[in-house]
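**Q** what's the 3D shape of this:
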Amino acid sequence: MARPTRTDRLPLWRGAAPVALSATLATGAFLAVFAAAYDRLPTELATHLGPDGRADDFTGRGAFAASALLLVLGTAALFAVLGHRARGSGTAARLLTATGTALPVFVGYLTVALTRANTGVSDPHAVHLPGWHAALAALAAVLAGTAGWLLAGTHPAAHRTAERPPPATADRLALAPREHVVWTRSVNSPGLWTIGAVVAVGALASGSVVGWWALLPAGVVGLLVATTARVRVTVDARGLTVAPGLLPTPRVHVPLAQITTAGTQHVSALRDFGGWGYRTRADRSGIVLRSGGALAVDRASGRTLVVTVDDATTAAAALNALADRARRTEPNEA
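**A** Now for the predicted structure:
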């Protein structure tokens with residue numbers, strides 16, 4: 001199968017550009033407010049607020065500015081790269097772009113609000129930041145994330161259809177003309193559950209030192225890891241669907257019309273994909289929860305989706321049989 005050409009790639013303005021724009025606006029707003037208020041800021045800024053909105057931890061001006069910029073730009077860079085590498089994978093790429101667009105806005109709002117709250121105070125212990133700022137920051141992030149989702153769109157190659165049935169050499173289940181088949185398995189990843197718990201607990205434990213607003217990305221990462229640590233893999237007349245075990249979305253769906261062939265392979269999570277979870281490579285993506293047997297689905301877009309799951313041989317045979325029947329009956333139904 002030929003690899004995707006450059007024309008198959010997600011245009012930059014639909015992938016990394018929304019994230020870059022969000023980070024640029026957040027960085028610009030923070031730098032403008034920080035520079036304008038610099039002479040009126042105390043040497044030590046209040047950077048952590050307790051449940052009552054009162055300051056209980058402090059950071060120097062330079063360290064505060066550096067950490068704010070690193071957080072905004074680092075988060076944006078991470079999600080821009082992930083979103084661009086996941087191009088052609090549909091919902092996953094759009095979700096990464098939306099998240100990368102939302103987080104800089106959330107962090108940027110809070111850093112600006114915190115800077116303004118510190119402006120002109122002689123005693124940083126007196127700094128107070130009302131809780132409604134967090135609500136406004138979340139609302140702004142949701143709006144930005146929605147814009148990122150819409151701008152990312154879907155990759156044209158993700159909807160490309162296969163012209164021929166799977167090759168004759170591909171394993172198939174023997175299906176009667178009107179016989180239905182549904183195959184489903186759940187997959188757990190103890191390693192991802194552990195990583196998610198450690199990240200989330202570590203973020204909460206260090207909140208008293210760094211500040212809860214600066215630890216939001218760590219909390220989000222921990223939540224994302226935890227929600228992808230269990231998935232359900234389903235093969236039926238609609239194609240292949242991989243859905244989180246705890247949430248209804250995001251899910252990965254490959255219709256039968258986009259499947260050229262399905263097979264199996266042995267996967268080493270670290271060697272082949274560099275870790276666990278949703279992973280992307282130049283010509284393939286993977287939902288890798290463990291090492292071992294995996295379902296490998298070649299798509300008409302030129303990319304391969306790899307899913308580690310038990311009894312992958314049966315899943316591949318069912319997909320090939322269903323894709324074969326769907327392609328062979330299409331002319332008769334037209």
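**Q** shouldn't Leu305 be within a helix?
**A** No - read with DSSP: H, G, I helix; E, B strand; the rest coil, Leu305 is strand and lies in no helix.
**Q** what number of residues lie near it?
**A** Around Leu305 sit 23 other residues, with neighbours defined as other Cβ atoms under 10 Å. Placement of C-beta: from N, CA and C, glycine included.
**Q** apart from its chain neighbours, what residue comes closest to it?
**A** In space, Leu305 comes closest to Val297 once its chain neighbours are excluded; the distance is 4.7 Å by Cβ to Cβ, 6 or more residues apart in numbering.
**Q** can you pull the contacts of the one you found?
**A** If a contact means Cβ atoms under 8 Å, 6 or more residues apart in numbering, then Val297 has Leu240, Val254, Ile259, Thr261, Ala262, Thr304, Leu305, Val306, Val307, Ala316, Leu319 as its contacts.
**Q** how about 10 Å then?
**A** Listed by Cβ atoms under 10 Å, 6 or more residues apart in numbering, the contact set of Val297 reads 235, 239-240, 254, 258-263, 284, 303-307, 315-316, 319-320, 323.
**Q** which helix or strand contains it?
**A** Element membership for Val297, per DSSP states H and E: strand 292-299.
**Q** now for the chain, the helix or strand with the poorest mean pLDDT.
**A** Considering only helices and strands, the least confidently modelled element of the chain by mean pLDDT, DSSP states H and E is helix 207-210, at a mean of 51.
**Q** mind listing the strands for this structure?
**A** If DSSP state E is used as the criterion, the strands of the chain fall at 44-49, 55-60, 183-188, 230-236, 239-244, 252-255, 259-267, 277-280, 284-288, 292-299, 304-308.
**Q** so what strands line up beside the fourth one?
**A** Using DSSP bridges, the neighbouring strands of strand 230-236 in the sheet come out as strand 183-188 (antiparallel), strand 239-244 (antiparallel).
**Q** what's the answer for the longest one, then?
**A** In the sheet containing strand 259-267, its partner strands are strand 292-299 (antiparallel), by DSSP bridges.
**Q** for the strand it pairs with, buried residues please.
**A** Of the residues in strand 292-299, those scored as buried under the neighbour-count criterion (16 or more other Cβ atoms under 10 Å) are Ala294, Leu295, Ala296, Val297, Asp298, Arg299.
**Q** still on that earlier bit, quick one: closest of the strands paired with strand 230-236 to Gly131.
**A** The minimum distance between Gly131 and these falls on strand 239-244, with 30.4 Å, by Cβ to Cβ.
**Q** list the buried ones in the closest one?
**A** Within strand 239-244, the residues that qualify as buried by neighbour count (16+ other Cβ under 10 Å) are Gly239, Leu240, Thr241, Val242, Ala243, Pro244.
**Q** now stretch 67-80 - C-alpha only, PDB.
**A** Once side chains and other backbone atoms are set aside, the C-alpha atoms of stretch 67-80 remain, and they are given as PDB (Å, rounded to 0.1, in the frame of the first residue of the first chain):
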ATOM      1  CA  SER A  67       6.700  30.100  34.500                       C
ATOM      2  CA  ALA A  68       3.600  31.700  33.000                       C
ATOM      3  CA  LEU A  69       5.200  31.900  29.500                       C
ATOM      4  CA  LEU A  70       6.600  28.400  29.800                       C
ATOM      5  CA  LEU A  71       3.300  27.000  30.800                       C
ATOM      6  CA  VAL A  72       1.300  28.700  27.900                       C
ATOM      7  CA  LEU A  73       3.900  28.100  25.200                       C
ATOM      8  CA  GLY A  74       4.900  24.600  26.300                       C
ATOM      9  CA  THR A  75       1.300  23.400  26.500                       C
ATOM     10  CA  ALA A  76       0.500  24.900  23.100                       C
ATOM     11  CA  ALA A  77       3.600  23.300  21.500                       C
ATOM     12  CA  LEU A  78       2.800  19.900  22.900                       C
ATOM     13  CA  PHE A  79      -0.800  19.800  21.700                       C
ATOM     14  CA  ALA A  80       0.200  21.400  18.300                       C
END
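**Q** all set, thanks.
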